[in-house]
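Undergrad: A structural model of the following input is requested.
(one chain, ligands or ions: 2)
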Amino acid sequence: MDSKLHIVQLTEANSTLGTTSWKSTSDSVRRALELHGCVVVDYDNVHAAAAAAVEGGVFGVLKEVFGLPLETKMKHKSGLLGFGYEGNYPEMPLFQCFGIEDGGTHQGIKDFTTLMWPHHHGHDIFCETIHSYSNLLSELHNTVMKMVVSSYGLDDKYYDNLVDSSLYMTRLIEYRPPGENESDIGLQSHRDKGFLTVIGTNEVRGLQIETPGGEWIDFEPSPSKFLVLAGEAFMAWSNGRIYSPLHRVVARGAEMEIRYSVGFFSFIGGILQVPEELVDNKNPLKFKPFNNLEFLEYCKNGGGPTTESAIITYCGI
Ligand SMILES: O=C(O)CCC(=O)C(=O)O
Ligand SMILES: [Fe+2]
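TA: Numbers count the residues shown, from 1 in each chain. Ligands and ions are numbered 1, 2, ... in the order given. Below you'll find the model as predicted:
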């Protein structure tokens with residue numbers, strides 16, 4: 001097994017539908033998601049410059065929001081698993097996060113900042129910085145989704161339907177370094193329960209992804225590199241072609257700095273079913289139609305195994 005994550009360079013040219021390099025780029029993104037369930041995207045200079053411009057600011061403003069008093073942070077609530085404020089878990093004390101619904105939109109971030117900084121009617125620098133970074137992640141999310149649909153030879157309407165029915169979450173995460181005698185677990189190993197996740201981080205290592213063969217591989221952070229991960233809903237939609245990997249965050253011995261990450265997550269609303277083009281005699285239907293948000297609720301209530309694919313228990317045939 002290849003012990004490196006698959007890296008794809010995305011440029012303006014190869015990530016635009018209809019260009020000569022679109023097909024080969026889409027195929028390599030799709031292949032990486034089938035083999036590893038993830039792909040590292042290295043954005044070209046144009047995007048990297050945009051990323052770098054906001055990157056310096058992003059992780060600075062994150063420090064501010066996580067530094068707010070606990071009672072302020074706890075005002076951010078949601079009934080959905082992983083949305084809302086989370087932290088102070090005895091089994092992973094280093095971790096805290098805010099899951100912001102519609103965090104790719106200006107309004108979503110604006111509402112969040114108004115809640116966190118009510119006396120200042122929000123926090124404009126925070127709002128603009130997080131919104132532009134989230135936008136970058138969302139653009140990348142849509143490009144990858146379009147590439148996979150296209151690489152399977154499916155009509156664009158599948159992409160349009162997925163995008164139109166998606167519920168999006170931007171998750172801001174902080175991992176502080178462990179104290180003496182404290183566990184080094186930042187985030188316990190899990191598979192994402194949505195469709196597709198895009199993660200950007202500061203330059204502190206710690207994110208690891210497990211290959212289907214059971215080997216843990218480090219994601220090497222850099223301002224122009226983003227990790228795209230397939231969730232279990234994507235695996236089911238693709239009739240099991242796309243893999244959804246276990247991943248975790250471990251505070252590594254030498255890295256005693258705070259690790260920040262921003263994740264952009266999609267969940268599909270309504271009923272999700274395998275496109276009929278992905279089912280034939282050689283590939284019989286493996287998943288019943290399902291509701292991604294009900295699957296999330298099922299996982300929240302402890303349903304399904306944690307290391308095996310919960311989606312197989314939930315709606316596998
Ligand atoms: O912080 C990271 O890099 C990973 C976060 C993650 O896996 C998640 O929030 O589901
Ligand atoms: Fe995850």
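Undergrad: Give me the spatial nearest neighbour of whichever residue of the stretch 101-250 of the chain sits closest to ligand 1, chain neighbours excluded.
TA: Nearest residue of the stretch 101-250 of the chain to ligand 1 (C-beta to the nearest ligand atom) works out as Leu207 at 4.1 Å. For glycine as for every other residue, the C-beta is placed from the backbone atoms N, C-alpha and C. Spatial nearest neighbour of Leu207, excluding adjacent residues (C-beta to C-beta, 6 or more residues apart in numbering): Phe219 at 4.3 Å.
Undergrad: now Gly269
TA: Sequence neighbours aside, Ser165 is the residue nearest to Gly269 in space, at 4.6 Å (criterion: C-beta to C-beta, 6+ apart).
Undergrad: near ligand 1, which residues of the stretch 51-200 of the chain show up?
TA: Residues of the stretch 51-200 of the chain lying close to ligand 1 (C-beta under 6 Å from any ligand atom) are Arg171, Ile173, Leu187, Asp192, Ile199.
Undergrad: can you give me the strands in the chain?
TA: Here the chain has its strands, by DSSP state E, at 7-10, 38-43, 84-89, 92-101, 166-175, 185-190, 196-201, 207-210, 216-218, 225-230, 247-250, 259-268, 271-272, 290-291.
Undergrad: Just send those back as a markdown table, with mean pLDDT too.
TA: Listed next are those as a markdown table, based on pLDDT from 0 to 100:
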| stretch | mean pLDDT |
| --- | --- |
| strand 7-10 | 92 |
| strand 38-43 | 93 |
| strand 84-89 | 92 |
| strand 92-101 | 94 |
| strand 166-175 | 96 |
| strand 185-190 | 92 |
| strand 196-201 | 96 |
| strand 207-210 | 96 |
| strand 216-218 | 95 |
| strand 225-230 | 96 |
| strand 247-250 | 95 |
| strand 259-268 | 96 |
| strand 271-272 | 95 |
| strand 290-291 | 96 |
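Undergrad: Please produce CSV containing these, extended by mean neighbour count.
TA: Below are the strands of the chain laid out as CSV (neighbours: other C-beta atoms under 10 Å):
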stretch, mean neighbour count
strand 7-10, 17
strand 38-43, 22
strand 84-89, 17
strand 92-101, 21
strand 166-175, 22
strand 185-190, 18
strand 196-201, 25
strand 207-210, 20
strand 216-218, 16
strand 225-230, 24
strand 247-250, 22
strand 259-268, 25
strand 271-272, 18
strand 290-291, 18
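Undergrad: Make JSON lines out of those and add distance to Arg241.
TA: Converted to JSON lines, the strands of the chain look like this (distance: least, C-beta to C-beta, whole Å):
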{"stretch": "strand 7-10", "distance to Arg241": "18"}
{"stretch": "strand 38-43", "distance to Arg241": "14"}
{"stretch": "strand 84-89", "distance to Arg241": "32"}
{"stretch": "strand 92-101", "distance to Arg241": "28"}
{"stretch": "strand 166-175", "distance to Arg241": "20"}
{"stretch": "strand 185-190", "distance to Arg241": "21"}
{"stretch": "strand 196-201", "distance to Arg241": "14"}
{"stretch": "strand 207-210", "distance to Arg241": "18"}
{"stretch": "strand 216-218", "distance to Arg241": "21"}
{"stretch": "strand 225-230", "distance to Arg241": "10"}
{"stretch": "strand 247-250", "distance to Arg241": "19"}
{"stretch": "strand 259-268", "distance to Arg241": "17"}
{"stretch": "strand 271-272", "distance to Arg241": "15"}
{"stretch": "strand 290-291", "distance to Arg241": "17"}
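Undergrad: How about the residue of the stretch 101-250 of the chain closest to ligand 1: which residues does it bridge to?
TA: Leu207 has these beta-bridge partners by DSSP bridges: Val249.
Undergrad: Now the residue of the chain found nearest ligand 1: closest residue in space, sequence neighbours ignored.
TA: Across the chain, no residue is closer to ligand 1 than Ser261, which sits at 3.6 Å (C-beta to the nearest ligand atom). Distance criterion C-beta to C-beta, 6+ apart; nearest residue to Ser261, sequence neighbours excluded, is Thr201 at 4.1 Å.
Undergrad: List the residues that contact that neighbour.
TA: Leu207, Phe219, Pro221, Arg259, Tyr260, Ser261, Val262 (C-beta atoms under 8 Å, 6 or more residues apart in numbering).
Undergrad: so who does the fourth one touch?
TA: Going back to what we said before, that points to Arg259. Glu174, Tyr175, Gly186, Thr201, Asn202, Val204, Arg205, Gly206, Val249, Ala251.
Undergrad: Run through the helices of the stretch 201-317 of the chain in chain order.
TA: For the stretch 201-317 of the chain, the helices defined by DSSP state H, counting those that start in this stretch occupy 232-237, 292-300, 310-315.
Undergrad: Looking at these, spot the one closest to Gly99.
TA: helix 292-300 (11.4 Å; C-beta to C-beta).
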